[in-house]
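> What follows is a predicted structure for the sequence shown.
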Protein chains: 4
Amino acid sequence: MIKVGIIGATGYAGAEIVRLLQMHPQAEVVWYGSKSYIDQKYASIYQNLFKIVDADCLGEDMDKLSDEVDVIFTATPQGLCASLVNEDILNKVKIIDLSADFRLKDVSVYEKWYKIEHKAPKYIDEAVYGLCEINRDKIKGARIVANPGCYTTCSILTAYPLVKEGLIDPDTLIIDALSGVSGAGRGAKVANLYCEVNESAKPYGVANHRHTPEIEEQLGYAAGKEILLNFTPHLAPMNRGILATEYASLNKIDGKLPTPQQIRDVYNKYYGKEKFIRILDDGVYPETRWVETSNYVDIGFKIDERTGRIIMMGALDNLVKGAAGQAVQNMNILFGLEESMGLDMVPCFP
Amino acid sequence: MIKVGIIGATGYAGAEIVRLLQMHPQAEVVWYGSKSYIDQKYASIYQNLFKIVDADCLGEDMDKLSDEVDVIFTATPQGLCASLVNEDILNKVKIIDLSADFRLKDVSVYEKWYKIEHKAPKYIDEAVYGLCEINRDKIKGARIVANPGCYTTCSILTAYPLVKEGLIDPDTLIIDALSGVSGAGRGAKVANLYCEVNESAKPYGVANHRHTPEIEEQLGYAAGKEILLNFTPHLAPMNRGILATEYASLNKIDGKLPTPQQIRDVYNKYYGKEKFIRILDDGVYPETRWVETSNYVDIGFKIDERTGRIIMMGALDNLVKGAAGQAVQNMNILFGLEESMGLDMVPCFP
Amino acid sequence: MIKVGIIGATGYAGAEIVRLLQMHPQAEVVWYGSKSYIDQKYASIYQNLFKIVDADCLGEDMDKLSDEVDVIFTATPQGLCASLVNEDILNKVKIIDLSADFRLKDVSVYEKWYKIEHKAPKYIDEAVYGLCEINRDKIKGARIVANPGCYTTCSILTAYPLVKEGLIDPDTLIIDALSGVSGAGRGAKVANLYCEVNESAKPYGVANHRHTPEIEEQLGYAAGKEILLNFTPHLAPMNRGILATEYASLNKIDGKLPTPQQIRDVYNKYYGKEKFIRILDDGVYPETRWVETSNYVDIGFKIDERTGRIIMMGALDNLVKGAAGQAVQNMNILFGLEESMGLDMVPCFP
Amino acid sequence: MIKVGIIGATGYAGAEIVRLLQMHPQAEVVWYGSKSYIDQKYASIYQNLFKIVDADCLGEDMDKLSDEVDVIFTATPQGLCASLVNEDILNKVKIIDLSADFRLKDVSVYEKWYKIEHKAPKYIDEAVYGLCEINRDKIKGARIVANPGCYTTCSILTAYPLVKEGLIDPDTLIIDALSGVSGAGRGAKVANLYCEVNESAKPYGVANHRHTPEIEEQLGYAAGKEILLNFTPHLAPMNRGILATEYASLNKIDGKLPTPQQIRDVYNKYYGKEKFIRILDDGVYPETRWVETSNYVDIGFKIDERTGRIIMMGALDNLVKGAAGQAVQNMNILFGLEESMGLDMVPCFP
């Protein structure tokens, strides 16, 4: 039984890890870390766990924690994980960090976009970007897994095969995405009150959202060169879900646009055997309802012959594949378990 | 492996049975009955099951179906199940009926409230009312289980112990309940369009909702006499959830109102060992979010010393404990499996 | 032109007064009071008023304010209005208080339910309870109008004629109500975050909600005696709307239950000429969507012959008739304007 | 008093015309046309109009109708308006058509995208595209006004000044838009049921939505050449609102990207005096909540120096400026009234 500690267990992502691990056959949470609620019953904060979890919330004593668990999930604001790790801790436990601290390889990019100093730059290089379907071999031996964000997981997976195979011009990539509100976290802010968000949609972080360099870096690896793209997130009135609609100019093959079958073949080459990625049938496009509460990513596409562009669309549940589910998937890889263990939830609809 | 057939597999309740049984270790759906979608891929109707269920929808050939399965769930409008059952079929398979056909013991009450003729009155007596926590012993040997409705399950379980123990006057019972919209089914009606329901709440079926006699009958058994009560359902803009708020005058014990602890003791006497019923702590009241996607019923209460009444409150997920989950629980009982098998979903929040 | 000052102009109720008065032909807001946003553009807080309101937010300098305006609306937490009023101010301006400070005639009831000391008990007697349809004559000459709350306006108006005429037994009254989330105000609380409220319904303030004594007092005047009743509010996931479902035992007339027509006649006697109260046709019940953004109260009823009870139902928009609209209606009465001036909004649907 | 007839008065757009005209000082609806509800009280379909509108629904007798009214609004499916107009009718009344019948100047484009034969092609040329802010001079003398759709109004107005002034390359235009559900109409379809739409977002009509050629035609006029662009609509779970996020490559001015002020100057040149178009301050982006129930279009923009693109964003209420409000605005222009008459609703929030 893998012993799990969670720092930030009372945020939405942390709570989703808690929930998923209750149903995991080979892992158990033994440390519910939550600075704000120390000594309170965890189930008094998340009443859905009443009679399921009896534990109290604990603090962030990393030394003690690292003695008691096999893996630590940090579901905390940027900067905290980097401030806590050190050689001693990394020799004792695996770290799966759900914040951005170890996602970007260039520390100056991190510091520019996040506007904080990085407290542990020496571990950036060894940290592995935990996009399971692309990096699973590297993840196996990692000490620190940088779990990707919700927008990035969806944006990257949707475009990756076509970028990798050179079917699209990555410099024409425009990613227009929307998210449910749980992605904004559980902080008490006026902007996230029910009445502020309900019955409204809005763009935000236009041309400067922090997930932009993360997407550019990862798709840049696929393209074999640095790329710049546009990414615009929007908030939509729903609890969960990420939907990414991505536009790019198609490169011609022998002077002609690729056919839908050629595109499909490329998606299948990369994802054909992936349990959690579903390439939808022609004419079917992703909808967030079809992946909700599951670890699936649904991907569809449409070629526009008129403009020579392809529209790629991806959907996932931001708290599952976009956060806690992928974190558990990374844990499974790290500990040599079946990758889908504890993650075989059928999407819940309605 | 129990072989399952579902008639009405493309309604919301039927689809929830399908979903739950994908995660059940000892049952598999082999017949996805859906008159409206015959020969279409089930997963083309419920895209959440894409790459999970590959089967096509089939019709309602009960003879053929009863040869191929061990149990049939009928998740269909009133009247259909009664029109299909006969001795031959009942000798071959178990029937778990999610409609009202076999819930009421008095056929004239059924025909008065549902305004249709009952096609199989001779099986009414032997059918067992499938409220698991109360009738599990009788359910074990049943051929027909009448699976209770969502409002009734919540309304009955919330009041049952206090009625049974004579702590409240059942003739003063007033049940004010609300439901999410999935309870209205998947029929294409203007009244259930998004824009008609969203941002609104309404009462309906006032003083004549069909669940009324069902609640009266079952609580009447507990009271040991016929009772009449008021039940008013409301529609609220959410996908899932039943919340029942119930009022009754408390009977005095030795000239005094019962204490909260006395009430709690009675709840614990009946439900203390029940896995799926959670009696909440003092001052905590049920909220539908805390039971969503799970088989739990949460129950809380408050004594109003000023008026001498008790307010009892219950919440459940109408598609799970209020329909498909309880149906699976009944299946587990019928086949001698652990009652909670396949039903250990932690409530999903947010 | 009536000059208006608003204290608490950036709460939801205050903002609704601002919005309504932009469309009022004989009143203009000249003081946008908001302690939290002093010197900020009002339209930067409520962007819907961009290019409509150019003013900055101001503080709560009551002396200065009372020199500059004809009427002050206080849309603030309990206690503030009572702490600000004095003889000097009351000689200069009218006060329409949207808090509870002057609603209850018995100061000990106020202090018991609100758990604060009342700072201006000497004005309680002269303050007029601003339920326009019932108290309009008294309102005309008032210096302080205690604007009723959203739940109370709906609860009282729905039952008032039947209590007044003795058709129901007021001691059997049970009021089960639900509210949209804007009633909870704009404070930054976790409990009111989108993801906490969306897709859920919950009771709260069970047997101790502060609107209870207000309803009891007003209906007590109608009954001619003190009454005790049960009032249970619920939160539903929608921006606006109050729906009250009220139960009471009918008194017999000549040994028989009153007929629907007798009930209707009584409603018409009191409300037949009221512009803002609509008694719905038989079989039609109130739905919050039909009154949204308007000053209407819709009322329907149903007699249950089986139990001898009547179910009365009322709906209104909590920010309009339940707060700002009624406040403007009170202003119109105070200043001798047509009572419906600036309030002829047709309910907006969908 | 202008006498108004509405064909399709019980659809959402028709009902919004009805609602707006109740508050219009110089127009009154005298014909509530609704094939599906003939002889039923209009207010029994739209209960929000109870005690406000007493009329019954009537049919589509154009000859009779054109004798009784000054202007006819057709809020009907494509094809109907074209099948009804003729010289006799056009000599008697003005037609404001909310369908697509007279929006596209090239009948073959219409027939290709809408897949129906055009029944009155001879009137296409004289019909005026009713985008008030751009075509108001031509609208004045029109007999047929082709009222633009919701997506198109938002998409065109947001980009128009920059296209017209050559600041962006129109062939790089990508329009990613989302709509509330009322845009889908009031037809009883499973796809628009509450539970199908709630808690989900989806793209649709990808690369073939019918509003595409309409946007291309109008922006083509501004560009002075034919253009092709990508337009992708999405459905979001809210009643009202259109949000368009538009991307285009900026043309350089003297070798440099335009500055924000240069962009703003161009917007002001075209819209500076427009009552219903609000150019937001720097760093403020449109949100549908800020325009809801009003006739405003809010526009914001952001230059991305990294990619050389501009992101333009627009928001409006699809039923008001995107349908009924603009239709009334067109009526005002046609009849020489103040253009904003009856349209001075302050956006309603929350």
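Cool, the structure landed.
> Tell me how far the longest helix anywhere in chain A lies from the chain's centre.
When chain A is parsed with DSSP state H, its longest helix is helix A:150-164. Distance of helix A:150-164 from its chain centroid, counting by Cα atoms, centre = their mean, to the nearest Å, is 11 Å.
> which of the residues in it are buried?
Residues of helix A:150-164 classed as buried: A:150-164 (neighbour count, 16 or more other Cβ atoms under 10 Å in any protein chain shown). Every residue, glycine included, has its C-beta placed from N, CA and C.
> now the helix or strand hosting A:Asn332 against helix A:150-164, angle please.
When secondary structure is defined by DSSP states H and E, A:Asn332 falls within helix A:325-334. Put simply, helix A:325-334 runs at 70 degrees to helix A:150-164, going by axes from the mean of the first three to the mean of the last three Cα atoms, to 10 degrees.
> Touching, A:Tyr123 and A:Phe102? I think so.
Yes - in this structure, A:Tyr123 sits in contact with A:Phe102. The criterion is Cβ atoms under 8 Å, and the distance is 6.7 Å.
> Overlap in contacts, those two.
Shared contacts of A:Tyr123 and A:Phe102 (Cβ atoms under 8 Å, 6 or more residues apart in numbering or on different chains): A:82, A:144.
> quick one: which of the two has more around it?
Set side by side, A:Tyr123 and A:Phe102 give different neighbour counts by other Cβ atoms under 10 Å in any protein chain shown, the larger being at A:Phe102 (29 against 21).
> Just want to check the distance between the more buried one and A:Trp31.
Between A:Phe102 and A:Trp31 the distance, using Cβ to Cβ, to the nearest Å, works out to 21 Å.
> closest to A:Gly283 among the buried residues of helix A:150-164?
A:Thr158 (17.3 Å; Cβ to Cβ).
> The residue nearest to the closest one when sequence neighbours are not counted in helix, strand or coil?
Excluding its sequence neighbours, the residue lying closest to A:Thr158 (Cβ to Cβ, 6 or more residues apart in numbering or on different chains) is A:Gly314, at 3.3 Å. Of the three states, A:Gly314 takes strand according to DSSP: H, G, I helix; E, B strand; the rest coil.
> beta partners of A:Gly314?
According to DSSP bridges, the partner residues bridging A:Gly314 are A:Ala244, A:Ile299.
> For A:Ile45, see how far away it is.
In this structure, A:Gly314 and A:Ile45 are separated by 32 Å, where distance is defined by Cβ to Cβ.
> Give me the phi and psi for A:Ala177.
Summarising the backbone geometry of A:Ala177 under the convention degrees, to the nearest 10, its torsions are phi -130, psi 160.
> Can you check the pLDDT for it?
The per-residue pLDDT reported for A:Ala177 equals 98.
> Kindly provide the distance from it to chain B.
Distance of A:Ala177 to chain B, computed by Cβ to the nearest Cβ, to the nearest Å: 20 Å.
> Where does pLDDT dip in the stretch 151-300 of chain A?
Across the stretch 151-300 of chain A, not a single residue meets the criterion (pLDDT under 70).
> Which parts of the stretch 151-300 of chain A are helices?
Counting by DSSP state H, counting those that start in this stretch, one finds helices in the stretch 151-300 of chain A at the ranges A:194-197, A:211-223, A:260-271.
> most tightly surrounded among these?
helix A:194-197 (a mean of 25; mean count of other Cβ atoms under 10 Å in any protein chain shown).
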